[in-house]
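[1] here is a sequence with its predicted model. Questions after.
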Amino acid sequence: MRCKRVYQRYSSSKSEDKRDLGPGPSTRFLNEAKYMTGLLLQDASNQLDRVEILSQQKMMSEALDTLWQEVEDGSVRVNSIAVLRAAKVVSCPEIGKHLKDPSIDHAKVLRDLRILISTFEYIIKPKFA
């Protein structure tokens, strides 16, 4: 039996795309990452402006930097500092590198984003200290 994949569609309006995840230290990063997923799904079919995609990647990276700073300051705790460091130093820059390629491999970047989102939700689990 084959499973059918269902992808969530996002509208083009940023404020409508972001779900309210409730208060929490990872809310901004997760919102930015999920919005990036929506942009990539749109880009795969509509060829969005690359500037918008790169701008969103920068916002996602800045949200991760902010979270990292909060962890360093002691206002946020995480289940794994090593995994957070890997996300900051490896995963996020790697996604950015792929987005700058002349031809974006949407499937690969979407897969990497979904893994990063799941990693935050189920492994890193940032919490206020």
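    Yes, it's here.
[2] so what touches the helix ranked longest in the chain?
    Identified as the longest helix of the chain according to DSSP state H is helix 50-73. The set of residues external to helix 50-73 that reach it, using C-beta atoms under 8 Å, 6 or more residues apart in numbering, is 25-26, 28-29, 31-33, 35-36, 39-40, 43, 76-78, 81, 84, 87-88, 92-93, 95-96, 99-100, 104, 126. C-beta: built from backbone N, CA, C; applies to glycine.
[3] residue ranges with poor pLDDT in the chain?
    The model of the chain has pLDDT under 70 over residues 1-23.
[4] now the strands for this structure?
    If DSSP state E is used as the criterion, the strands of the chain fall at 76-77, 127-128.
[5] C-alpha coordinates for stretch 54-71, CSV please?
    Extracted in CSV, the C-alpha atoms of stretch 54-71 (Å, rounded to 0.1, in the frame of the first residue of the first chain):
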residue,chain,number,x,y,z
LEU,A,54,17.0,34.9,0.6
SER,A,55,15.4,37.6,2.8
GLN,A,56,13.4,34.9,4.6
GLN,A,57,16.4,32.7,5.0
LYS,A,58,18.2,35.7,6.6
MET,A,59,15.3,36.2,9.1
MET,A,60,15.3,32.5,10.0
SER,A,61,19.1,32.7,10.6
GLU,A,62,18.7,35.8,12.7
ALA,A,63,16.0,34.1,14.8
LEU,A,64,18.4,31.2,15.4
ASP,A,65,21.2,33.6,16.4
THR,A,66,18.8,35.3,18.8
LEU,A,67,17.9,32.0,20.4
TRP,A,68,21.6,31.1,20.6
GLN,A,69,22.2,34.3,22.4
GLU,A,70,19.4,33.7,24.9
VAL,A,71,20.9,30.3,25.6
